[in-house]
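Undergrad: Mind folding the following:
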Amino acid sequence: MKNALLIIDPQVDFTVPDVGALVVNGANEDMARLAAFIDENQAHIDRIFVTMDSHSKIAIFHPIFWVDKDGNRPAPFTAITTEDLENGVWQAKHAEMQEIAVNYLEQLKQNNRFYPLVVWPEHCLVGTHGWSVHPELMQALLRWEDSEFATVDYIVKGNSPFTEMYSAIRADVIDHNDPRTDINWEFLHELWSYDNVLVAGEALSHCVANTVTDIVGYCANPKLTLLTDAMSNVAGFEKQGQDFLDKMKGIVNLSTTSDYEFVTESIEQ
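TA: Prediction:
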């Protein structure tokens with residue numbers, strides 16, 4: 001049996017208390033459990049994929065992009081809708097980006113992905129400490145590379161400033177002029193080649209839910225197992241996380257780092 005581990009956005013900004021810009025409650029403990037799981041099962045893990053949320057300061061989901069009629073930026077966690085733009089509640093800080101903002105919000109509403117546009121604190125800015133991998137997990141990844149003479153595959157996501165990208169598979173609104181936002185078929189085909197793909201990371205309610213939903217949607221036989229004690233919800237979005245898990249029952253396997261047992265031989269059909 002070939003086993004892959006997919007770790008979604010295990011970055012400092014999401015996982016390290018008092019340091020990260022957008023810390024998910026419980027994520028630090030999630031990463032510690034995941035690090036121990038990797039150390040205990042090095043020889044059973046054939047491939048590790050790590051997705052990396054990767055942003056710039058100027059992004060449609062950061063406060064710098066928006067202002068109200070008095071020139072004030074929105075507070076983090078403000079939701080912005082098409083009606084807000086129509087009523088002048090919020091507008092793009094630079095006039096030349098207003099049309100981009102209007103078109104984006106209209107498409108986001110039409111495609112009914114998962115969430116309205118939310119203004120997040122600046123996070124996972126490329127090159128900053130917050131963008132890097134949780135330190136305890138990083139050391140476990142390096143030990144796996146050393147033990148298995150293998151290389152962790154890092155998947156960059158979210159680096160378009162004009163669309164949200166919770167999922168590692170595609171942006172919420174695909175910009176066909178920017179291939180970084182389109183469906184990552186190469187990554188999907190890599191996942192398909194494994195008998196089992198274990199999934200962990202942050203946050204359950206957002207990037208995990210979106211990524212797994214897309215994998216299931218684009219794969220005929222996703223072969224996924226979610227390690228539910230290595231993922232947590234953004235505060236206030238617990239219902240979304242639970243709804244996602246309820247939806248996935250019977251479609252993917254649910255386990256924990258302490259309960260999961262690797263199958264070491266192929267199962268005869």
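Undergrad: all strands for the stretch 1-150 of the chain, in order.
TA: 3-8, 47-53, 66-67, 78-80, 91-92, 117-119 (DSSP state E, counting those that start in this stretch).
Undergrad: need the contact list for the closest residue to Val133 other than its chain neighbours.
TA: Nearest-residue entry for Val133: Pro10, 5.6 Å, with adjacent residues in sequence omitted and distances by Cβ to Cβ, 6 or more residues apart in numbering. Heads up, the C-betas are built off the backbone N, CA and C, glycines and all. Pro10 sits next to 31, 34, 50, 133-134, 137, 200-202 when contact means Cβ atoms under 8 Å, 6 or more residues apart in numbering.
Undergrad: same check, this time on Val263
TA: Taking Cβ under 8 Å, 6+ apart as the criterion, Val263 is in contact with 1, 195-196.
Undergrad: Next, find the distance separating it from Asp195.
TA: Counting by Cβ to Cβ, to the nearest Å, the separation of Val263 from Asp195 is 8 Å.
Undergrad: which residues do these two both contact?
TA: Met1.
Undergrad: From Phe262, how far out is Asp46?
TA: Asp46 is 10 Å from Phe262, by Cβ to Cβ.
Undergrad: now do Thr128
TA: According to Cβ to Cβ, Thr128 and Phe262 sit 36 Å apart.
Undergrad: care to break this structure down by domain?
TA: 3-57+125-255, 63-119 (automatic domain parsing).
Undergrad: re the thing from before, Thr128 and Phe262 - which one has more neighbours?
TA: Thr128 (15 against 12; other Cβ atoms under 10 Å).
Undergrad: re earlier: need the buried ones from the contacts of Val263 selected in ChimeraX.
TA: Buried subset of the contacts of Val263, written as a ChimeraX selection, criterion 16 or more other Cβ atoms under 10 Å:
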select :196
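Undergrad: so where's the stretch 1-150 of the chain shaky on pLDDT?
TA: 112-114 (pLDDT under 70).
Undergrad: can you tell me which of the strands of the stretch 1-150 of the chain comes nearest to Gly241?
TA: For the strands of the stretch 1-150 of the chain, proximity to Gly241 was assessed by Cβ to Cβ; strand 3-8 is nearest, at 13.1 Å.
Undergrad: What are the contacting residues of that closest one?
TA: 34, 38, 44-51, 137, 168, 191, 194-202, 207-208, 211, 231, 262.
Undergrad: Tell me the pLDDT of Ala220.
TA: Per-residue confidence at Ala220 stands at 71 (pLDDT).
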